[in-house]
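# Sequence and predicted structure are below.
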Amino acid sequence: MKLLILDRDGVINHDSDDYIKCLEEWIPIESSIEAIARLSKAGWTVAVATNQSGIARGYYGLDALEAMHGRLNELVAEQGGEVGLIVYCPHGPNDGCDCRKPKPGMLQQIAEHYDTRLEGIWFVGDSSGDLEAAKAVDCQPVLVKTGKGLRTLAKGLPAGTLIFDDLAAVAAQLLNS
């Protein structure tokens with residue numbers, strides 16, 4: 001199985017320090033939808049693992065989150081592709097769950113769902129938490145410079161992290177290798 005795991009905010013759609021709280025605020029990064037569709041059409045399964053602490057903080061509810069994910073699925077389908085499993089952590093940073101990145105719970109859920117191993121699977125994110133979660137389960141950490149990526153790059157990265165300008169560049173690399 002060719003599996004790619006993506007963070008959402010800052011990788012697929014524009015991020016905000018004020019949280020993405022509704023469908024109107026969920027704005028895809030240019031070329032990200034096309035990149036997912038291209039990968040899907042080439043036989044890749046593209047899954048998503050996203051922290052959504054805005055739910056625990058009361059900024060938005062599950063209906064709003066489902067609307068955002070529905071729009072993601074719809075846009076990718078319009079390009080002839082498909083989004084695989086989307087998992088999210090609705091907990092706050094102090095809730096003690098095992099799913100909130102940098103903990104690897106969501107990545108493990110994806111592996112269990114697809115009955116596959118995570119070693120070497122690319123996990124694309126824009127934050128230190130994404131990269132740490134990848135390392136915790138032997139995924140290949142991949143940083144994109146979109147979202148918080150440039151801030152993350154300035155802090156230093158785990159050894160072996162791959163760096164790309166955006167999700168389209170990641171897709172181009174995977175489709176040409």
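Alright, I've got the coordinates. Numbering: from 1, shown residues only.
# how close does residue 74 sit to residue 1?
24 Å (C-beta to C-beta, to the nearest Å). From N, CA and C alone the C-beta is placed, and that goes for glycine too.
# Tell me the secondary structure at residue 45.
Each residue gets one of three states, and residue 45 gets strand by DSSP: H, G, I helix; E, B strand; the rest coil.
# and it, what is it in contact with?
The contact partners of residue 45, taken as C-beta atoms under 8 Å, 6 or more residues apart in numbering, are 1, 2, 3, 4, 84, 114.
# Need the worst-confidence member of those residues.
Note: of the contacts of residue 45, the lowest pLDDT belongs to residue 1, at 93.
# From residue 64, how far out is it?
From residue 1 to residue 64 the distance is 31 Å (C-beta to C-beta).
# between these two, who's got more neighbours?
When neighbours are counted by other C-beta atoms under 10 Å, residue 1 and residue 64 differ, and residue 64 comes out ahead with 20 against 10.
# was I right about that one contacting residue 25?
No. Using C-beta atoms under 8 Å as the test, residue 64 is too far from residue 25 to be in contact (9.3 Å).
# how far out from the middle of the chain is stretch 83-91?
Centroid separation for stretch 83-91 versus its chain: 9 Å, with C-alpha atoms, centre = their mean, to the nearest Å.
# quick one: buried residues of it?
Across stretch 83-91, burial judged by 16 or more other C-beta atoms under 10 Å covers 83, 84, 85, 86, 87, 88, 89, 90, 91.
# Please apply the same query to stretch 159-170.
Across stretch 159-170, burial judged by 16+ other C-beta under 10 Å covers 161, 164, 166, 167, 168, 169, 170.
# Also stretch 100-112?
Using 16+ other C-beta under 10 Å as the test for burial, stretch 100-112 gives 100, 101, 102, 103, 104, 105, 106, 107, 108, 109, 110, 111.
# Restricting to C-alpha, output it in PDB.
Listed next in PDB are the C-alpha coordinates belonging to stretch 100-112 (Å, rounded to 0.1, in the frame of the first residue of the first chain):
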ATOM      1  CA  ARG A 100      -3.000  14.800  20.400                       C
ATOM      2  CA  LYS A 101       0.200  15.300  18.400                       C
ATOM      3  CA  PRO A 102       3.100  15.100  19.300                       C
ATOM      4  CA  LYS A 103       1.700  11.900  20.700                       C
ATOM      5  CA  PRO A 104       1.300   9.300  17.900                       C
ATOM      6  CA  GLY A 105      -2.200   8.000  18.600                       C
ATOM      7  CA  MET A 106      -3.800   9.300  15.400                       C
ATOM      8  CA  LEU A 107      -1.000   7.800  13.300                       C
ATOM      9  CA  GLN A 108      -1.500   4.500  15.000                       C
ATOM     10  CA  GLN A 109      -5.300   4.700  14.400                       C
ATOM     11  CA  ILE A 110      -4.500   5.200  10.700                       C
ATOM     12  CA  ALA A 111      -2.100   2.200  10.600                       C
ATOM     13  CA  GLU A 112      -4.700   0.000  12.400                       C
END
